[in-house]
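A.B. asks: Let me see the structure of the following:
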Amino acid sequence: MARKSQGGITYPKGFLAGGIFSGIKSNGKPDLALIVSEVEAVAAGLFTVNRIKAAPVVLSQRRIRSGSARAIIVNSGNANACTGEGGMQDALRITEKVSQFLTCNSRKVLCASTGVIGRPLPVHSILESIPDLVSQVSPFKNLECAKAIMTTDTYPKETNVEIRCGDIPVRIGGIAKGVGMVHPQMATMLAFLTTDADISREALKSALQTAADRNFHTLSVDGETSTNDSVMILANGRAGNQKIQKGSPAYVEFLQALDGVCQKLRDLLLHDGEGASKFIHITVQGARSRTDAKKVASSIARSVLVKTAFFGEDVNWGRIMMAIGNAGVVVREDKIDICVGDVSLVHHGVGMGEAQEEKALEVMKGKEIHLSVSLGLGPMTAEYWTTDLTYEYVRINAGYKGRT
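C.D. replies: Got it, this is the predicted structure:
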């Protein structure tokens with residue numbers, strides 16, 4: 001009888017996964033994950049724009065240019081960043097060890113790390129754990145894999161979907177982590193996606209970029225971009241569908257499904273934001289260009305003063321106006337409207353008065369808040385998602401090294 005996977009990263013045919021404790025984390029929680037395709041898969045990836053990049057980012061960026069891979073090895077609890085040549089040698093040794101047990105070329109093993117920056121990896125402990133990890137991977141260890149990539153996350157994040165290409169079912173699965181140092185262009189966020197679709201490399205790269213732009217690049221928890229951001233996708237073709245090419249009707253359907261998976265992972269990351277108590281959906285409309293709309297939304301989303309105002313349920317719309325003006329785009333004060341929920345706070349740059357602020361206060365007491373801004377200058381719109389900034393966020397990050 002054919003085996004059926006549980007979901008998440010192993011939902012598509014031909015993928016195995018697992019996660020174990022390898023001695024990195026002092027708390028004994030799982031810290032080493034492995035994702036394996038039973039056959040060589042088409043691969044695509046996106047990585048941090050931070051100019052300081054961790055060794056596994058540099059190595060995976062180099063290897064993924066070939067367009068194919070068999071596996072991804074991920075550790076949590078240690079970023080393997082700012083570790084010099086020794087960090088690169090450790091990443092090479094780890095991927096070489098995995099390749100030996102998978103009987104594949106080491107260049108077909110990608111890697112990622114997350115955790116504290118500047119500490120050498122306990123590489124010997126990791127190398128000793130790899131045989132056990134490889135022996136345990138299965139279609140049923142998706143949750144173990146999702147747990148093993150976590151750092152300050154409070155729960156594992158996974159999702160999956162099935163679509164049909166013609167009469168053939170095609171599956172996509174994914175896992176993610178990262179609830180702090182999250183900002184567009186990713187951050188300490190890691191996300192790994194799998195699909196059994198037969199899809200060209202060009203189409204896969206395009207779909208990943210579009211889905212990431214729509215989802216991961218519209219999420220900001222604290223405005224920080226780390227050294228380890230990585231989003232990777234493997235497509236092994238085991239579904240047996242007709243190959244998906246960019247621009248085809250099947251591509252449109254695949255992109256829509258991948259977008260849905262990334263959207264779900266983004267929402268899971270948002271709702272586990274470090275110490276977050278409120279989740280804010282920002283819509284900026286009436287911009288002259290989409291770039292202008294995104295810059296204004298980003299400025300609002302990353303403003304510490306705006307985020308603390310939402311935490312304190314302080315209807316201080318002046319902070320939102322300040323963030324709009326700091327976005328680095330041309331705006332006209334006398335054109336700007338601001339609403340919280342369905343309550344108008346500002347019209348044509350002027351406050352609507354205390355009665356409206358009292359109504360807005362009731363909206364701000366909720367957990368899910370929609371903030372809309374109209375610039376009144378054009379037809380373009382952008383969306384962002386962010387959180388408030390709480391005492392708990394400060395507590396978590398004030399002692400981060402001691403908890404990983």
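
A.B. asks: So what does Asp20 have for phi and psi?
C.D. replies: Actually, residue 20 is Ile. It isn't Asp. phi -140, psi 170 (degrees, to the nearest 10).

A.B. asks: quick one: secondary structure of the residue lying closest to it once chain neighbours are set aside?
C.D. replies: Leaving aside its chain neighbours, Ile20 sits nearest to Leu133 (5.2 Å; criterion: CB to CB, 6 or more residues apart in numbering). For the C-beta atoms, the positions are set from N, CA and C on the backbone; glycine is no exception. Put simply, Leu133 is helix when judged by DSSP: H, G, I helix; E, B strand; the rest coil.

A.B. asks: Hmm, Leu133 is touching Gly18, no?
C.D. replies: Yes - under the criterion of CB atoms under 8 Å, Leu133 makes contact with Gly18 at 5.7 Å.

A.B. asks: before we move on, the earlier item: in contact with the residue nearest to Ile20, which residues are there?
C.D. replies: Taking CB atoms under 8 Å, 6 or more residues apart in numbering, we find Leu133 in contact with 18-20, 22, 32, 34.

A.B. asks: The same query, at a cut-off of 6 Å, please.
C.D. replies: Neighbour list for Leu133: 18, 20, 32, 34 [criterion: CB atoms under 6 Å, 6 or more residues apart in numbering].

A.B. asks: Next, count neighbours for Tyr155.
C.D. replies: A count of neighbours around Tyr155, defined by other CB atoms under 10 Å, yields 12.

A.B. asks: What lies in contact with stretch 374-388?
C.D. replies: Under the contact criterion CB under 6 Å, 6+ apart, stretch 374-388 has outside partners 218-221, 270, 273, 276-290, 293-294, 297, 301, 307, 310-311, 331, 335, 337.

A.B. asks: Can I get the buried part of those residues as one ChimeraX selection?
C.D. replies: Entered in ChimeraX, the line below selects the buried ones among these, by 16 or more other CB atoms under 10 Å:
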select :218,219,220,221,270,273,276,278,279,280,282,283,284,285,286,287,293,294,297,301,307,310,311,331,337
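
A.B. asks: Show only the entries of the contacts of stretch 374-388 found in helices.
C.D. replies: Taking DSSP state H, the ones among the contacts of stretch 374-388 that sit in helices are 270, 290, 293-294, 297, 301, 307, 310-311.

A.B. asks: Least confident of those?
C.D. replies: Taking those together, the minimum pLDDT is found at Leu270 (82).

A.B. asks: show me what contacts that residue?
C.D. replies: Contact analysis of Leu270 by CB under 6 Å, 6+ apart lists 219, 279, 385.

A.B. asks: who does the first one bridge with?
C.D. replies: Legend: beta-bridge partners of Leu219 under DSSP bridges are Trp385.

A.B. asks: Could you do the second one as well?
C.D. replies: Counting by DSSP bridges, Phe279 forms beta bridges with Glu368, Thr387.

A.B. asks: For the closest residue to Ser303 other than its chain neighbours, give me the pLDDT.
C.D. replies: Spatial nearest neighbour of Ser303, excluding adjacent residues (CB to CB, 6+ apart): Ala323 at 4.2 Å. The model reports Ala323 with a pLDDT of 95.

A.B. asks: Ala323: neighbour count?
C.D. replies: The number of residues packed around Ala323, counting by other CB under 10 Å, is 22.

A.B. asks: and if you look at the one 5 residues further on?
C.D. replies: In terms of burial, Gly328 registers 11 neighbours under the definition other CB under 10 Å.
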